[in-house]
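Visitor: could you look at this predicted model? Sequence included:
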Amino acid sequence: MPSQITIALAPGDGIGPEIMNATIELFRLAGVLDHVHFVNVEMGAHVFAKGFTRGMTDEAIRSVEDCGLLFKGPMETPKGGGGKSINVTARKLWNAYANYRHFKTLPGVDTLYSRAGIHLDFAIVRENIEDTYGGIEHRLSNDVVQCKRLISAPGCDEVHRFAFQTARRLGIAKVHCGHKANIMKMSDGLFLERFRATGKDFAEIETADVIVDALCMNLVMKPQMYKMIVLPNLQGDIVSDLCAGLVGGLGFAPSANIGNHISIFEAVHGTAPDIAGRNIANPTSLILSGLMMLRHIGLTQQAANIENALLATLESGTRTGDFGNPATPPLGTNEFVHAIADRLGSKPTTVPAIADACPDAPAYVHPPKPTAPQVIRTFKNVVTHVVGCDIYLDTPLAPLSLAGELHRVCEDTPFKLSLISNRGTQVWPVGSIYTECVDYYRVRFELKDGITPGTFGQSRCVALMDKVAEKFSVCSYELLRIFDGVKGYSMAQGQ
Ligand code: NAI
């Protein structure tokens, strides 16, 4: 390990600077600054105002990329005005693909489970880049908007591999995959399939899957049954806040966004504008996130020392105003951190102390910068053939009239009209009078009988779309293909 590791530091907005200053002071008192050098970078709401649409200056971007590590406070997302979340931008820009959150019962933090004597200690790994967080959204017709949900095999592989590697390192015996593959058979189905495929490389770890709605119920009723759960982005976002609630709220949930080159460590909660500037915010989540960072770079002894002091402080009943026994007067942010610093070197007595060092903890090696964006791939050499196309139309016609028009359009082409669906439900050739339709249809054209897949490529589909476009507003188009003989598209509901 080099003698000093440089880490980019962005205190954030709202309570961010208060809790960040307090955390860095605690790290200083614990000797962390002998090994770590923090460089301040400009990120946050005030940077939007200077005209940087990503919420960070070019210099900040360069610094984070040079360091490979960013410790950040919460940042405000400006409402309206097209300003995107800096937090999501940072994770996606730097491909921090695995959001790792640890949920643990803490002494002095009263919850339904701590009162019942149920000790919780588990992790969520959330995919951080894909899913609806691509933010690819369009208005398709007067009445319909769309958000595209993308799931890729190599994206899944990266997050699953991180989950299994982390489980192996921590001695976690069983990893669950949460999903909704019973409904989204292709997208969540791929996430689940890649989980199972990746799990084969980690034979000593048991794998299981659980549908996300059942997972939520289980987490409330018997959360101790889980040790690590890996989830797609949106489901992981929702489930991880639920889990924070199980251990006392967002103030106690740390978070690491891990990538191959750049990793970001941050508190789970937001900027808390209602209490900003009053020295009353709870720094625990940021401290715990900082401890994840110290372990990530190999400072496991310092992390254990600080965590033991934090646990000893919490078990003594010392608290900030947002938790704990109301009979005990709350401390301000700075006083709370000094109470922790006073206990450096001591250990908790009511809960197990954290072991001083994890012997196989990896020392930090700054990964080399990539020279260009990488194309990551899982499946190669797949044989694909075009078998038709789905064309999406903006029209208020009823299904029967629409079918009549489209039959005429495809008469002299290699395609036949095989399906019309509305909001995913088949409305032609068979439908129900109870199905309400909106002004946006999917019309499916497939090869006429007798034409072999592979006879031609997609140009005939484009020509067909051109003909359809002479009569209708075409909103979008999806090619229908078979991949190694397997259909690469779903059936309609009711088909
Ligand atoms: P919030 O987490 O900031 O606040 C929710 C409630 O929890 C408030 O009552 C607040 O006072 C309290 N709270 C939060 N952190 C606390 C702490 N450390 N100590 C004591 N009390 C605490 O969520 P909200 O109000 O929805 O979002 C405010 C801003 O934060 C928004 O601009 C949002 O976009 C941003 N945000 C940023 C995040 C990040 O940087 N990773 C994450 C979530 C929200």
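Guide: In hand now; what should we look at? Numbering: from 1, shown residues only.

Visitor: who's in contact with the most centrally placed residue in the chain?
Guide: In the chain, the C-alpha nearest the mean C-alpha coordinate belongs to residue 128, at 3.0 Å (Cα atoms, centre = their mean). Residues near residue 128 by Cβ atoms under 8 Å, 6 or more residues apart in numbering: 91, 92, 96, 97, 98, 99, 159, 233, 257. Just so you know, the C-beta spots here come from the backbone N, C-alpha and C atoms, and that holds for glycine as well.

Visitor: rerun at 10 Å
Guide: For residue 128, the contact set (Cβ atoms under 10 Å, 6 or more residues apart in numbering) comprises 88, 91-92, 95-100, 155, 158-159, 233, 236-237, 257-259, 264.

Visitor: pull out the buried residues from the residues you listed.
Guide: Buried members of those, counted by 16 or more other Cβ atoms under 10 Å: 91-92, 95-100, 155, 158-159, 233, 236-237, 257-259, 264.

Visitor: correct me if wrong: residue 379 contacts residue 193.
Guide: No. Under the criterion of Cβ atoms under 10 Å, residue 379 is not in contact with residue 193, lying 11.2 Å apart.

Visitor: and for the two, which residues touch both?
Guide: The overlap between the contact sets of residue 379 and residue 193 (Cβ under 10 Å, 6+ apart) consists of residue 153.

Visitor: ok and the residue in the stretch 301-450 of the chain nearest the ligand?
Guide: Ranked by Cβ to the nearest ligand atom, the top residue of the stretch 301-450 of the chain for proximity to the ligand is residue 322, at 4.0 Å.

Visitor: I misspoke; the intended subject was the chain.
Guide: residue 270 (2.4 Å).

Visitor: the closest residue to that residue other than its chain neighbours: neighbour count?
Guide: In this structure, residue 270 finds its nearest non-sequential neighbour in residue 74, 4.9 Å apart by Cβ to Cβ, 6 or more residues apart in numbering. Neighbourhood size, residue 74 [other Cβ atoms under 10 Å]: 26.

Visitor: secondary structure element for residue 74, which one?
Guide: Counting by DSSP states H and E, there is no helix or strand that carries residue 74.

Visitor: go ahead and confirm it touches residue 85.
Guide: No. Taking Cβ under 10 Å as the definition, residue 74 is not a contact partner of residue 85, at 11.1 Å.

Visitor: helices of the stretch 101-250 of the chain, residue ranges please.
Guide: Here the stretch 101-250 of the chain has its helices, by DSSP state H, counting those that start in this stretch, at 112-115, 153-170, 187-199, 212-221, 233-246.

Visitor: turn those helices into JSON lines, including distance to residue 401 and mean pLDDT.
Guide: Shown next, in JSON lines, are the helices of the stretch 101-250 of the chain (distance: least, Cβ to Cβ, whole Å; pLDDT from 0 to 100):
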{"stretch": "helix 112-115", "distance to residue 401": "57", "mean pLDDT": "94"}
{"stretch": "helix 153-170", "distance to residue 401": "41", "mean pLDDT": "97"}
{"stretch": "helix 187-199", "distance to residue 401": "33", "mean pLDDT": "98"}
{"stretch": "helix 212-221", "distance to residue 401": "39", "mean pLDDT": "98"}
{"stretch": "helix 233-246", "distance to residue 401": "37", "mean pLDDT": "96"}
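
Visitor: these: which one's closest to residue 421?
Guide: Residue 421 sits nearest to helix 187-199 of all the helices of the stretch 101-250 of the chain, at 17.5 Å, using Cβ to Cβ.

Visitor: by contact count, what packs against the closest one?
Guide: Packed against helix 187-199 by the contact rule (3 or more Cβ pairs under 10 Å, 6 or more residues apart in numbering; DSSP states H and E) you find helix 153-170, strand 174-179, strand 206-211, strand 228-231, helix 233-246.

Visitor: is the last one positioned near the ligand?
Guide: No. Counting by Cβ under 6 Å from any ligand atom, no contacts exist between helix 233-246 and the ligand, the nearest distance being 9.5 Å.

Visitor: which parts of that helix are buried?
Guide: Across helix 233-246, burial judged by 16+ other Cβ under 10 Å covers 233, 234, 235, 236, 237, 239, 240, 241, 243, 244, 245, 246.

Visitor: what's the closest of the helices of the stretch 101-250 of the chain to residue 370?
Guide: Of all the helices of the stretch 101-250 of the chain, helix 153-170 sits nearest to residue 370, with 14.3 Å by Cβ to Cβ.

Visitor: what is the burial count for the closest residue to the residue of the stretch 301-450 of the chain closest to the ligand other than its chain neighbours?
Guide: Nearest residue to residue 322, sequence neighbours excluded (Cβ to Cβ, 6+ apart): residue 282, at 5.1 Å. The number of residues packed around residue 282, counting by other Cβ under 10 Å, is 29.

Visitor: wait, residue 8 touches residue 65, no?
Guide: Yes. When contacts are counted by Cβ under 10 Å, residue 8 is listed as touching residue 65 (8.9 Å).

Visitor: report the contact partners of the residue nearest to residue 485 when sequence neighbours are not counted.
Guide: Spatial nearest neighbour of residue 485, chain neighbours left out: residue 383 (7.7 Å); criterion: Cβ to Cβ, 6+ apart. Taking Cβ under 10 Å, 6+ apart, we find residue 383 in contact with 454, 482, 483, 484, 485.

Visitor: now the second one. Its backbone dihedrals?
Guide: Translated: residue 482. When read as degrees, to the nearest 10, the backbone of residue 482 gives phi -110, psi 140.

Visitor: number of residues surrounding it?
Guide: As a burial measure, residue 482 scores 17 neighbours (other Cβ under 10 Å).

Visitor: residues contacting it?
Guide: By Cβ under 10 Å, 6+ apart, the contact set of residue 482 is 382, 383, 384, 385, 386, 387, 453, 454, 488, 489.

Visitor: swap in 8 Å and give it another go.
Guide: Residues in contact with residue 482 (Cβ under 8 Å, 6+ apart) are 384, 385, 387, 453, 488.

Visitor: I'd assumed the second one was in a helix, is it?
Guide: Going back to what we said before, that points to residue 385. No. Read with DSSP: H, G, I helix; E, B strand; the rest coil, residue 385 is strand and lies in no helix.

Visitor: right, I'll leave it there.
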